[in-house]
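# Here is my input; please provide its structure:
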Amino acid sequence: MIFDPKVILNHLPEIASGAAVTLILWIAGMALGIALGFMVATLRRYGGRAVDASLGLVVEVLRGTPFLIQIFLVYYGGPFIGLSLDPVPCGLLGLTVYSAAYYSEIFRAGFAAVPHGHVEAAECLGLSRPQIIRRILLPEMALIVLPPSVNLAVILLKESAVLSIITVPELTATVSAIGSQEYAFLEAIFVLALVYWVTVEVAAWLGRLAEARLSTFKVSAP
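Modelled structure (predicted):
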């Protein structure tokens with residue numbers, strides 16, 4: 001077997017298109033997952049025992065089942081309950097819900113890490129619950145939740161390869177099709193490994209940069 005770089009060069013537009021779909025779904029799914037996860041964590045903290053127990057059960061189910069099974073259930077089982085989605089919207093929904101379950105646990109741990117005395121002091125000053133969340137909880141837990149959030153973002157990027165199973169035209173599906181078409185499986189594997197590795201390294205670097213900025217702010221803050 002001979003490695004032929006011409007195969008990669010001849011299919012660069014298709015590879016770039018697949019990589020763009022992967023990045024868009026990854027970033028959008030992660031952003032929506034963070035928003036939904038924060039909402040779930042907030043409801044579990046302030047919504048009472050019944051809400052906490054109900055949402056906790058949903059989170060445990062999502063965290064306890066593989067993403068592949070979840071995306072299969074949404075794509076192939078959805079039509080039985082009236083939820084019929086095209087591959088791309090289904091992939092985005094799957095990534096959002098899957099990541100939200102994990103982000104909710106990260107935020108819940110971040111809430112718990114903030115000293116209770118700080119919250120009590122804010123309540124004594126007459127701050128409302130939204131103000132406490134915005135001015136006390138969010139700033140203090142930002143540095144705590146950032147490292148696990150970056151790690152989860154990296155995991156989510158790798159999990160996005162599963163979307164090829166439901167024919168989402170992302171990087172893995174595109175490169176695999178090129179490999180089968182050209183009988184260039186070595187080149188396909190190389191491209192996949194390279195693109196994912198570079199993207200993961202960039203995400204990790206951005207995470208370290210953000211953590212350094214937050215650390216500086218925390219040290220310099222009065």
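# Show me where this structure dips below the pLDDT cut-off.
Low-confidence segments of the chain, defined by pLDDT under 70, span residues 1, 216-222.
# tell me the centre residue of it?
In the chain, the centroid-proximal residue (CA atoms, centre = their mean) is Met30; its distance is 3.5 Å.
# That one reaches Val154, doesn't it?
No. With the criterion set as CB atoms under 8 Å, Met30 and Val154 do not qualify as a contacting pair; they are 10.3 Å apart. For glycine as for every other residue, the C-beta is placed from the backbone atoms N, C-alpha and C.
# Pull the number of nearby residues for Val21.
The local packing count at Val21 equals 20, with neighbours defined by other CB atoms under 10 Å.
# close enough to count as contact, it and Val168?
Yes. Checked against CB under 8 Å, the pair Val21 and Val168 is within contact range at 7.0 Å.
# which residues do these two both contact?
Between them, Val21 and Val168 share these contacting residues under CB atoms under 8 Å, 6 or more residues apart in numbering: Val88.
# Can you verify my assumption that Leu55 contacts Gly37?
No. Distance between Leu55 and Gly37: 10.8 Å, which falls outside the contact criterion (CB under 8 Å).
# can you pull out the helices in this structure?
With DSSP state H as the criterion, the chain has helices at 5-10, 12-46, 49-64, 67-77, 87-113, 116-124, 129-132, 138-159, 171-182, 185-220.
# and the angle from the second one to helix 185-220?
Between the axes of helix 12-46 and helix 185-220, defined by axes from the mean of the first three to the mean of the last three CA atoms, to 10 degrees, the angle is 40 degrees.
# and helix 12-46, which residues are buried?
For helix 12-46, a neighbour-count test (16 or more other CB atoms under 10 Å) marks 15, 18-19, 21-23, 25-26, 29-30, 32-34, 36-38, 40-42, 44-45 as buried.
# Repeat that for the fifth one.
By neighbour count on 16+ other CB under 10 Å, the buried set for helix 87-113 is 87-88, 90-108, 110-111.
# which secondary structure elements does it contact?
Secondary-structure packing of helix 87-113 (3 or more CB pairs under 8 Å, 6 or more residues apart in numbering; DSSP states H and E): helix 12-46, helix 49-64, helix 67-77, helix 138-159.
# Out of these, which is closest to Val200?
Closest approach to Val200 among the helices and strands packed on helix 87-113 is made by helix 138-159 (5.3 Å; CB to CB).
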